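Student: Okay, structure incoming, though there's no sequence with it:
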């Protein structure tokens with residue numbers, strides 16, 4: 001019985017050391033991997049888009065241009081945006097008509113969330129230079145691109161996220 005107790009105690013003394021070595025190896029392998037370098041990812045469309053700030057300056061090196069119109073019946077606001085690398089409007093487009101999972105470009109009316117104060121949200125995401133100057137230009141850009149087979153019209157980082 002004494003030899004069993006010594007063996008059991010010895011195993012219990014070694015167990016924390018074994019756990020520590022296993023975890024240490026795991027941590028070392030984590031830190032020895034090269035980090036993800038965002039500087040290697042480049043915009044593949046290099047679009048120029050209108051912006052909210054003024055008519056002289058523009059967004060450059062964009063993957064997509066965005067036109068969004070909000071109205072609450074009394075006031076209206078137009079927002080211009082540029083998307084780099086990933087479609088940050090992906091969740092918004094899920095509640096808008098005219099968008100699909102197979103393409104990031106599209107246009108349509110978006111349903112209102114309970115905390116939003118506007119009645120109308122018209123969203124258009126396009127992929128040609130200055131296509132977001134107004135809704136008509138944005139819609140024409142989307143319609144023109146939609147006539148071609150643009151099944152690859154999804155940001156590469158979005159494809160990675162949806163795998």
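Tutor: Happy to help now that I have it. These figures come from a predicted structure and were not determined experimentally.

Student: Go through the helix or strand hosting residue 92 and flag the buried ones.
Tutor: Under the criterion of DSSP states H and E, residue 92 resides in helix 90-93. For helix 90-93, a neighbour-count test (16 or more other C-beta atoms under 10 Å) marks 90, 92, 93 as buried. (Glycine included, C-beta is placed from N, CA and C.)

Student: between those, which is nearest residue 78?
Tutor: Residue 78 lies nearest to residue 92 out of the buried residues of helix 90-93, by C-beta to C-beta, at 15.8 Å.

Student: Please give me every residue in contact with that closest one.
Tutor: 110, 123 (C-beta atoms under 8 Å, 6 or more residues apart in numbering).

Student: same question, residue 52
Tutor: Here residue 52 is in contact with 79, 80, 81 (C-beta under 8 Å, 6+ apart).

Student: possible to save the residues you listed as a markdown table with pLDDT, distance to residue 65 and secondary structure?
Tutor: Compiled in a markdown table, the contacts of residue 52 are given as follows (pLDDT from 0 to 100; distance: C-beta to C-beta, whole Å; DSSP: H, G, I helix; E, B strand; the rest coil):
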| residue | pLDDT | distance to residue 65 | secondary structure |
| --- | --- | --- | --- |
| 79 | 92 | 12 | strand |
| 80 | 93 | 8 | strand |
| 81 | 93 | 7 | strand |
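
Student: From these, list the buried ones, please.
Tutor: Counted by 16+ other C-beta under 10 Å, the contacts of residue 52 give 80, 81 as buried.
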